[in-house]
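In: A predicted structure for the sequence below; I have some questions about it.
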Amino acid sequence: MTLLPAIELETRPNPDSTVIWLHGLGADGNDFAPIVKQLQLPAAAAIRFIFPHAPVMPVTVNGGFVMPAWYDILEMQIDRRVDQPGLLASAKAIGGFVDRELDRGIAGKRLVVAGFSQGGAVAYHLVLSHTTPLGGLLAMSTYLATADTLVYSPANKEIPIKIQHGTHDPIVPETLGRKAAARLTQEGYQISYQSYPMEHSVCPEQIKDISWWLQTVLA
């Protein structure tokens, strides 16, 4: 399987863990690459960060304008009609990165998948359906797009899940973040939910929380 283009950054040589981080609509892997330094991880942390670039495609709500996207957005109410074939194709593509990390010798429990907005929807589907136990799921300013079709894998029933959302988000309303948390709690997952007084973005306080969480799940 040919992998999507991606940026790879290592905090130290010979990493023993990996974070695969998915950007949002219209961005690319460069959008979150600077966060590696901002996390201010301990000097001993040996983590490989992978920031894949989404393929480019026409996006319906943007008048068919071609841009990087993990799947098409069909309506302004993003959770009403979901481009499931596109989302599933992206989840499969990111699964290729997971497989490669396992082949590189990274243990599944030391592999975290993070996603912002569209990337978070892909991360949800990939991780919750994956048949290898993974180390953590970070869902930022996103929603559980495939809630009604997702087949949950028993392998990741115990996975640490961190959900973060802005209380003033006009793109993905916080109600969708809380709806995802409620659904997953109902399914038996242990959820950590945090909200921040921000719009559709990432704030310094949140970055500190992400750093602490990563150090905890990858301890």
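Out: Okay, I see it.
In: H165: what's it in contact with?
Out: Contacts of H165 were listed using C-beta atoms under 8 Å, 6 or more residues apart in numbering, and they are M140, S141, T142, V172, E174, G177, R178, Y193, Q194, S195, Y196. Where you see a C-beta, it was placed from the backbone N, CA and C, and this is true even at glycine.
In: Double-check K109 against P133; I have them as touching.
Out: Yes - here K109 reaches P133: they are 5.9 Å apart, a contact under C-beta atoms under 8 Å.
In: related to what we said a few turns ago, can you tell me which of the contacts of H165 is closest to P55?
Out: Distances from P55 to the contacts of H165, taken as C-beta to C-beta, are shortest for T142 (18.8 Å).
In: element containing that closest one?
Out: For T142, there is no host helix or strand (DSSP states H and E).
In: And it, what's its pLDDT?
Out: pLDDT, T142: 98.
In: likewise M1?
Out: 72.
In: tell me the contacts of L4?
Out: L4 neighbours (C-beta under 8 Å, 6+ apart): P52, H53, A54, P55, A93, I94, G96, F97.
In: wait, I meant R81
Out: Counted by C-beta under 8 Å, 6+ apart, R81 has contacts L74, E75.
In: what do you get for P5?
Out: Per C-beta under 8 Å, 6+ apart, neighbours of P5: G29, P52, H53.
In: Mind picking the one among the contacts of H165 that's closest to I35?
Out: M140 (10.8 Å).
In: circling back: now list the buried members of the contacts of H165.
Out: Neighbour counting over the contacts of H165 (16 or more other C-beta atoms under 10 Å) leaves M140, S141, T142, V172, G177, Y193, S195, Y196 as the buried ones.
In: gap between the second one and D79?
Out: Using C-beta to C-beta, to the nearest Å, we find S141 at a distance of 13 Å from D79.
In: Check the last one too.
Out: Computed as C-beta to C-beta, the Y196 to D79 distance reads 21 Å.
In: And for the fifth one?
Out: To D79, G177 is 11 Å away according to C-beta to C-beta.
In: which neighbours do these two share?
Out: Y143.
In: Roughly how far does the residue lying farthest from the centre of the chain sit from L39?
Out: Among the C-alpha atoms of the chain, the one most distant from their mean position (C-alpha atoms, centre = their mean) is that of G63, at 25.9 Å. For G63, the distance to L39 equals 36 Å [C-beta to C-beta].
In: Ok, L111 next?
Out: Taken as C-beta to C-beta, the span from L111 to L39 is 17 Å.
In: can you check P15 too?
Out: From P15 to L39 the distance is 14 Å (C-beta to C-beta).
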